[in-house]
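[1] coords please:
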Amino acid sequence: MTRRLRILTWHTHGSYLLYLAQAPHDFYVLSKPGRPAGYAGRSGHLPWGDNVHDLPADEARRQAFDCIVFQDDAQYLEDQYELLTPAQRRLPRIYIEHDTPRPHPVETRHPVDDPDVLLVHVTAFNRLMWDNGRTPTKVIDHGVIDPGYLYTGTLGKGIVVVNDLATRGRRLGHDLFEALRRRVPLDLVGLRSEAAGGLGEVLHRDLPSFNARYRFLFNPIRWTSMGLGVIEAMMTGLPVVAVASTEMVTVIRDGENGFIDTDTDRLAERMAILLKDRALAARLGRAARQSALRRFGIERFVADWNAAFAEVTGLAEAKAKKGSEQFTENSA
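    The predicted model follows:
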């Protein structure tokens, strides 16, 4: 059994951190006054467990940790040198890469270039596309808590769940959303979605039942990781219509648990079919739920993370033990 660890990290993606914190460890999440981006600590409306601790950034140097988990470039390249001691910076370290490479899809070198850091990709597609250099890598698929089967599909509309769609442009499919909602009734929710004609933010705890009323979920994203919002919707029994890009092509099987294509005309046609045939939508949604339970269950996610934590801390302990033994031999 994995021993309970003290893990330092940042609040980069709130829902991901919520699921990561289902692992049986203590997570110390850095905060700063005003809770700026990356330093929200234990805050917001998410149902944090007792193992998630708010840690003011200026107190980090005085704490003992077993592992450091970075979640964006600034934390790794800058913040650790400002906030942590040299000894802390030599602790077992993991970098979670949440995204696809930018600006170039295949020629971008990952900023982590260290054989002593474990680079965890959240999709196999991401690992494939990044140039990971000499840094060891591991893929840990997303995991989400099962809210149960909630689907009703009573609303004759599709739902799109994307934060800041208006400012994130073509990469997140703003243009596709605009084009297709002129052909098919679509609602948009997410942070600051009002700027794109959306309904605003829906609290994480309310999102499963909110989404389950819609006939389907449309994912317009061209280039990013497998979205947690899509997986959470699948768990409720909501069928997905998606752009065939990135890891999505390994999750949605066309005509079996949703519809997926690169042709927007065909996507619009499939949406129209679902709006006419609620029974088909429910059947695809049940298959989507089974797919999500098999691949993205929280138990598998926690087990994978426990293995990763055991790997990096075990390697560090083995190195320390070997160094101590060599020192003893040389001193004899």
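[2] What sits closest to residue 80 if chain neighbours are left out?
    Closest residue to residue 80 apart from its sequence neighbours, by Cβ to Cβ, 6 or more residues apart in numbering: residue 89 at 5.7 Å. Every C-beta, even on glycine, is put in place using the N, C-alpha and C of the backbone.
[3] residues in contact with that neighbour?
    68, 80-81 (Cβ atoms under 8 Å, 6 or more residues apart in numbering).
[4] same deal with residue 254?
    Contacts of residue 254 by Cβ under 8 Å, 6+ apart are 260-261.
[5] State the distance from it to residue 13.
    Using Cβ to Cβ, to the nearest Å, residue 254 is found at 28 Å from residue 13.
[6] what would the contacts of residue 89 look like in TSV with neighbour count and secondary structure?
    Rendered in TSV, the data for these read as follows (neighbours: other Cβ atoms under 10 Å; DSSP: H, G, I helix; E, B strand; the rest coil):
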residue	neighbour count	secondary structure
68	25	strand
80	18	helix
81	10	helix
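[7] Distance to residue 235 and pLDDT added to those, as JSON lines?
    Shown next, in JSON lines, are those (distance: Cβ to Cβ, whole Å; pLDDT from 0 to 100):
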{"residue": "68", "distance to residue 235": "31", "pLDDT": "98"}
{"residue": "80", "distance to residue 235": "35", "pLDDT": "98"}
{"residue": "81", "distance to residue 235": "40", "pLDDT": "98"}
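[8] quick check, nearest of those to residue 152?
    Proximity of those to residue 152 (Cβ to Cβ) peaks at residue 68, which lies at 43.9 Å.
[9] Shouldn't residue 252 be within a strand?
    No: per DSSP: H, G, I helix; E, B strand; the rest coil, residue 252 lies outside any strand segment and is coil.
[10] Which pLDDT value goes with it?
    For residue 252, the model assigns a pLDDT of 98.
[11] and what of the one 10 residues further on?
    Note on residue 262: pLDDT of 98.
[12] How many residues are close by the residue nearest to it when sequence neighbours are not counted?
    In space, and not counting its chain neighbours, residue 262 is closest to residue 244: 4.8 Å by Cβ to Cβ, 6+ apart. Neighbours of residue 244 under the rule other Cβ atoms under 10 Å: 15.
[13] try residue 135
    17.
[14] which residues does it contact?
    Here residue 135 is in contact with 95, 110, 112-115, 117-119 (Cβ under 8 Å, 6+ apart).
[15] tell me which of those is nearest to residue 179?
    Checking the contacts of residue 135 one by one against residue 179 (Cβ to Cβ), the nearest turns out to be residue 110, at 33.7 Å.
[16] From residue 28, how far off is that closest one?
    For residue 110, the distance to residue 28 - Cβ to Cβ - is 25 Å.
[17] Run a quick neighbour tally on residue 36.
    9.
[18] Look up the pLDDT of the residue nearest to residue 262 for me, please.
    Here, the pLDDT recorded for residue 244 equals 98.
[19] go on, residue 42?
    96.
[20] domain ranges for the protein?
    6-143+298-331, 155-296 (automatic domain parsing).
[21] mind checking which of those is nearest residue 149?
    Per Cβ to Cβ, nearest to residue 149 of the domains of the chain: domain 155-296, 4.8 Å.
[22] From the chain's centroid, how far away is the closest one?
    16 Å (Cα atoms, centre = their mean, to the nearest Å).
[23] distance between the ends of it?
    End-to-end distance of domain 155-296 (Cα to Cα, to the nearest Å): 27 Å.
[24] Stretch 210-221 too?
    Per Cα to Cα, the first residue of stretch 210-221 is 21 Å away from its last.
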